[in-house]
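> Got a sequence here, can you model it:
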Amino acid sequence: MKRESLGVVQRSRRQSLRASAAYGAVPAVLAAAYAAGTWGDPRRAPMLVVAVAMVGLAAFGWTMAGRVARTRWWIWIQLTAAAVNLAGSAALGILGGGVAGPLGTFIPLSVVLLAIVVPPRAFLVSAGLGVSAYGCVLLFGDPPPPGYPLVHGLAFACVAYLCLRHSAVLASLRRRLADSSRTDPLTGCLNRRGFDERVAAELADAERGDGPVTLVLLDLDHFKEVNDTHGHRAGDELLAWTGQELRADLRAHDAVGRLGGDEFAMLLPGTDAADAEIVVDRLRQRLRGCAPASLGSATFPGDAADFAGLLVAADQRLYRDKAARVRRAPTAAAVAGARSGVRPSGPVAAVEARERRRHSIADPGWMSMTQTVVALVYVVLGGNDHPHRTGMVALSLWGFLTGLAVVAGADWLSRSRLARPLMLAFALSAFVSCAAIATLDGGVDQPVGIGVLISIPLLMLGMRPEVAGPVALAAGGLYLLVGLRVGDVDGWYLAVQMLEMAAAATACALQGRAAAGQRRMLTRLSRVDVLTDVLNRRGFAERFAAEVAHSRRIGRDAALLVLDLDGFKQLNDARGHAAGDDLLRWVAATLRARVHAHDIVGRLGGDEFVVLLTDGGDASGVAAELRTVLGERTGVSVGAAVLGVDGDDFDSLYAAADARLYLQKKPVQRYVRS
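Coordinates of the predicted model:
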């Protein structure tokens, strides 16, 4: 099981606790302003006392968030604080005139905000507390107009569910991106970053007395000869087979990582030095047939007290193992056997390119459908004698059908350049329809009046602020216009509803922005090689597909270069992996500096780099220039293939470039320069 570092988890908890505290203060601040502005009512003094107490609790919760996040009871403390806030909001609602008064939406809107900051299971508790608190306001507050509690309860319940669903989708997306950022796309093992995080977590547990931890390093014998003799494709499949075999041999709580090239590492929690020898012998026998390897192990705390020390100790034993054995490259039959034995590992943390956009497009459609159904329920159950019943039903059906069209077409819209104008037109239609329904019902203080504002939090949560912001302002303007021109709406009702919804929209926008920032960071980590900071195999494949499609549309040549460092294995063996890592970083930086800014550089693994030249008219010249520049520190072989001439996809171009690369290699091995 992959685990995030303790610091990341605690930081996420602290943010959630502070968000809950900040959102809990919003009703109190609005209630204090309302109490001060209507002080003549005898209920305003206790209202102000409750509001001040809630602000104090929110400030205390904000201050203590860091300490609470470090405890195992943090979620229960958060739920307790939420219960106290809901109780305070219930008191404010009762003192403010009941569920139909200016403060009557405090509880349902608080539940909506909790939907975006607490885990789904904890939200069920919060929702139950919210229903109880709303029932108290309904029971002890002033009686509301007919249908008002039903419409508002259903409407806010739908919004809370959709916000919870949207947050769950984004959380799933972040989890899968996080898994992807820690996984080597070729072998399915942890990459260097993921393995380092796992080691840090296991050593932290071991220091608290959870037992020994063993690190095993593994280096395939003469893997470079496999690449040189059979091609990089065969080498890749041999690495995939090795990762598959290593994962199959270990326990569920063990970890396997590919540190780079043909270097693998295994982490064995609860395994001491004696048991480690048994594991090493078993692994050696398992790999002997197709991928013979040298292995070395080190155990915490006997061999070292930290990860760096374990690496040094295990690396020394690995090189002693190399010296003590007669090492031979795998035979052609062994390589063929490994290639035929590779099983598809299935998608690791699969994330579709337009997944988030598709959900963000569909959510407003679902919102329109649910809210119009609520309006239809109100009209059917309580509006038989309503003078504008037919018009309200027609507008509700229109909103439902347009929402259904958006949901059904979300996948197409996520790929279309027309998505933004069409969604803006839909939003305008939805808000105008809600405003028209509120007008026919007699004003925004009537049961369906809240429909003009209620979808704003979800829009701000799921859409970019530069798109959702103007839409939200337009909706607020429509609400104010209807409120001032239709019926006899109390000014405080208008002001509190708009300010409360503005606060909720701001909260959702901040949550959406934070989630988007995490998403961008994780997306980058999942596509960038940790060591060299160029694209990894996954990232290069995605960019390659996009750039080649663009080149075909505009009729521009493109070319693929495949680069292979000469003598890199000997450098690792003679001077250590740290020297090899330094060279790889230099090669990556040099490639990025020498190609055009719109060209794409990637590292497929080990010492193999690829470059996509978006203008491939002089691919041979660029290849020669790169050989000369990189020759300052290392010999390099480069093969080139041109799109449309040597192939039409990555596999065909890679095969052609790889074949030309090996034609350049000389019988005499060229070594990396010091």
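> any idea how far residue 661 is from the closest residue to residue 644 other than its chain neighbours?
What sits nearest to residue 644 in space, not counting adjacent residues and going by CB to CB, 6 or more residues apart in numbering, is residue 557, at 7.5 Å. (Each C-beta comes from the backbone N, C-alpha and C, glycine too.) Residue 557 sits 20 Å away from residue 661, going by CB to CB, to the nearest Å.
> And those two? Which one has more around it.
residue 661 (25 against 16; other CB atoms under 10 Å).
> need the contact list for the more buried one.
Residues counted as contacts of residue 661 (CB atoms under 8 Å, 6 or more residues apart in numbering) are 562-564, 637-639.
> between those residues, which has the most around it?
Highest neighbour count within the contacts of residue 661: residue 562, with 26 neighbours (other CB under 10 Å).
> Which stretches in the stretch 201-350 of the chain count as helices?
223-230, 232-249, 273-288, 307-324, 332-341 (DSSP state H, counting those that start in this stretch).
> Let's have the ones you listed in CSV, adding mean neighbour count, mean pLDDT and distance to residue 100.
Output for those, formatted as CSV (neighbours: other CB atoms under 10 Å; pLDDT from 0 to 100; distance: least, CB to CB, whole Å):
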stretch, mean neighbour count, mean pLDDT, distance to residue 100
helix 223-230, 20, 79, 75
helix 232-249, 21, 85, 61
helix 273-288, 15, 88, 70
helix 307-324, 17, 88, 62
helix 332-341, 16, 79, 71
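> Go through the ones you listed and name the closest to residue 36.
The closest of the helices of the stretch 201-350 of the chain to residue 36 is helix 307-324. By CB to CB, the value is 59.1 Å.
> Need the residues that contact that closest one.
Outside helix 307-324, the residues within contact range by CB under 8 Å, 6+ apart are 196, 199-200, 203, 215-219, 294-300, 303-304, 573, 576-577.
> Can you select the buried ones from these in PyMOL?
Buried residues among these (16 or more other CB atoms under 10 Å), as a PyMOL selection:
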select buried, resi 196+199+203+215+216+217+218+219+294+295+296+297+298+299+300+303+304+577
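> From the contacts of helix 307-324, which land in strands?
Among the contacts of helix 307-324, the members found in strands (DSSP state E) are 215-219, 294-300.
> can you tell me which residues contact the residue positioned nearest the centre of the chain?
In the chain, the residue lying closest to the centroid (CA atoms, centre = their mean) is residue 174, at 2.2 Å. Contacts of residue 174 were listed using CB under 8 Å, 6+ apart, and they are 515, 518-519, 522.
> Quick one: classify it as helix, strand or coil.
Using DSSP: H, G, I helix; E, B strand; the rest coil, the structure places residue 174 in helix.
> And for residue 328, the neighbour number?
11.
> Give me the phi and psi angles of it.
phi -130, psi 150 (degrees, to the nearest 10).
> buried residues in the least confident helix or strand in the chain by mean pLDDT?
Here the helix or strand of the chain ranked lowest by mean pLDDT, DSSP states H and E is helix 568-575, holding a mean of 75. Residues of helix 568-575 classed as buried by neighbour count (16+ other CB under 10 Å): 568-569, 571-572.
> Format these as TSV; extra columns: distance to residue 62.
Converted to TSV, those look like this (distance: CB to CB, whole Å):
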residue	distance to residue 62
568	53
569	56
571	54
572	52
